[in-house]
Every structure is written in structure tokens, then in C-alpha cells.
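# here are the coordinates; sequence isn't available:
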């Protein structure tokens, strides 16, 4: 795990800019959070923590992108989600006092705040508004997991890939040239969809032929969102 020096971001300003769960903390709690957190910089490819590790805190992303994933028996990654600015990861392992149930790896250079476990526990115990928002956050992630399980069971790989591309547009947006604002390898896309890399390469080529997307290395230009929606069978 490689760390680098960087300037500190203050939670009171960041929480309201990103609409994060920390905006529900009191002034005294925010001041304590600012004092006790550890502000860190990680580079692409750095690992924040590994599945099965005992962790002494959790992370809030200030900038960049982190992928959260599980590793199968054959060593293949299954990407659970991408965390970006204002989001927190590894908090469920802290609340349950269990080993990390996922791993986290940097996709895009990032700045994160590492927050000691005891702070989260105390905030949850002493701040009802914050506790309620943590419950809502946990329920939201559970609903996303249930939706993913349903997709794996009932949708084709073609449908799932189209849905993933649409979700990436919603989560990260597109630039002025219609390119996704996140750059992923074909293997990473396959690890989100839950299929072989070769299948994703073939389907991306088909989407390109159908003029739904254009490809420029790892960059993907989205040309026809409606067409992808139709393929994905998403209920809008």
C-alpha cells in the first residue's frame, strides 16, 4: 500500500459539497473528525485493503475513483461497485466488527480520508440523525446487490453489458465528446458484468458495429443511450 503526502481537506466543507453522510454530524463531531482522520493520497493500482484483512477504520473518498471487489476461487475479480468523491467504503466491516468482506483498489489517482473505527461507532451511538443516514446507506447498497443478483440470474451478458454502460454514464457522466469520464480495461468491464473478457470484447465490437458506441483504446464514446436502454431491458 503506497502513500504520498498531500494537503488536508476539511470535512465540514467537503461534506456539504458532496452531500455525504458526514453533513449530519454536529459541529463538535466534525471538529473531532478533522482532528483524528488521516488524509492520504494513493496512485492507480494501489490497494487500500484486502478481503479478509482486519481493518482499524474506514475510508471516505475526497477525489478519484476506487473499485470495490470480491475475489473468486479462481482469483477472478467481481467488481461490486465504484466509489467516488463523497462516498465511504469499508464501513460495514467496521460496524459489524468483522474482517473486510471486499478488497479496494485505486482506478484513478485518489485522495482519501482514513477514519478510525472508534469514531464511526461513537457517532452511530450518539447521533440519531447520522445513525439513520447510515442505515439508509446500508439499505441502498443492499438493494443494489439484490438488483445485481437478479440481473445475473435473468439477463443475458449482452443485456448486462448495455446496462453497465448506462450505469457508468449515470454515475460518472460523459465529456463534451461523449466519452465516459471513467476509463476501464476490458477485464474490468468483464468483472462488472460477470463474464469472460473475451465476451465483453466481442460485444463491444458488436455495439460499435451497431453504432451504439465508439472505441478509442480503453475510452468508450456513448452514441446511443436509448439504444443501449432498449437492449438492457431497464424499466425507466
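It's in. What you see is a predicted model; the values in this text were computed from it and never measured.
# Quick one: list the elements packing against the helix or strand containing residue 118.
Secondary-structure assignment from DSSP states H and E places residue 118 in helix 117-126. Secondary-structure packing of helix 117-126 (3 or more CB pairs under 8 Å, 6 or more residues apart in numbering; DSSP states H and E): helix 27-36, strand 57-71, helix 91-96, helix 128-154. To be clear about C-beta, it is placed using only N, CA and C from the backbone, and glycine gets the same treatment.
# To residue 215, which of the ones you listed lies closest?
strand 57-71 (20.2 Å; CB to CB).
# which other residues reach the lowest-mean-pLDDT helix or strand in the chain?
The least trusted helix or strand in the chain, going by mean pLDDT, DSSP states H and E, turns out to be helix 11-18, with a mean of 73. For helix 11-18, the surrounding residues in contact (CB atoms under 8 Å, 6 or more residues apart in numbering) are 20-23, 25, 27, 30, 33-34, 37, 60, 62, 85-86, 113.
# Please apply the same query to stretch 185-203.
Contacts of stretch 185-203 (CB under 8 Å, 6+ apart): 67, 69, 76-79, 107, 152, 157-158, 160-161, 164, 184, 204, 218.
# ok, the residue sitting furthest away from the middle of the chain to residue 202 distance?
For the chain, the residue at maximal distance from the C-alpha centroid (CA atoms, centre = their mean) is residue 209, at 29.9 Å. For residue 209, the distance to residue 202 equals 11 Å [CB to CB, to the nearest Å].
# domain ranges for this structure?
Split into domains by automatic domain parsing, the chain comes to 11-152, 155-232.
# start to end distance for the longest one?
One end of domain 11-152 to the other measures 38 Å (CA to CA, to the nearest Å).
# next one: stretch 168-186
14 Å.
# same question for the helix holding residue 118, mean pLDDT?
Averaging pLDDT along helix 117-126 yields 95.
# Check this structure and tell me which residue is nearest its centre.
residue 82 (1.8 Å).
# show me what contacts it?
65, 66, 67, 68, 107, 171, 172, 182.
# where are the low-confidence patches of the protein?
Residue ranges of the chain with pLDDT under 70: 1-10, 12, 234-236.
# residue contacts, residue 92?
Neighbours of residue 92 in contact, by CB under 8 Å, 6+ apart: 101, 138, 141.
# if you set the cut-off to 7 Å instead, what comes out?
Going by CB atoms under 7 Å, 6 or more residues apart in numbering, residue 92 touches residue 138.
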